[in-house]
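Undergrad: Model the structure of this input:
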Amino acid sequence: MFRLWGKIWTENRLVTDITICDDSNDTRTHKIFRGLDEICVKLDLGKPIWLDANIRDFQRHSKTRFTQDSFIEHIDFDFLEIQVIEEDD
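TA: Next comes the predicted model:
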């Protein structure tokens, strides 16, 4: 089971969160992109752009934050954080 946790933060407070589960035999990268797409749809957000800093953070820690710089439209929160909380064995 692959699980991706999406969290919206405002003023150092967790506003909302969602967990996406994926049982497919797809690659880790495809599961991450598909999970992020699903998080954005369910939370009614535009799809963020992966900046170099996001890629580095995610490669190192399996976690990254998307701030206003990653979104084309204005966001009414501080950042969207995604984190892998369970990986396939």
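Undergrad: For the rest of this, base every contact and every neighbour count on C-alpha atoms.
TA: Fine.
Undergrad: quick one: buried residues of the longest helix seen in the chain?
TA: Identified as the longest helix of the chain according to DSSP state H is helix 28-42. Using 16 or more other C-alpha atoms under 10 Å as the test for burial, helix 28-42 gives 31, 32, 35, 36, 38, 39, 40.
Undergrad: which residue sits closest to the first one, ignoring its sequence neighbours?
TA: Put plainly, it is residue 31. residue 22 (6.9 Å; C-alpha to C-alpha, 6 or more residues apart in numbering).
Undergrad: any idea how far residue 27 is from residue 8?
TA: Per C-alpha to C-alpha, to the nearest Å, residue 8 is found 26 Å from residue 27.
Undergrad: How about residue 73?
TA: Distance from residue 73 to residue 27, by C-alpha to C-alpha: 30 Å.
Undergrad: who has more neighbours, those two?
TA: The neighbour comparison of residue 73 against residue 27 (other C-alpha atoms under 10 Å) goes to residue 73, with 12 against 8.
Undergrad: Go ahead and confirm the more buried one touches residue 46.
TA: Yes - counting by C-alpha atoms under 8 Å, residue 73 does reach residue 46; the two are 7.2 Å apart.
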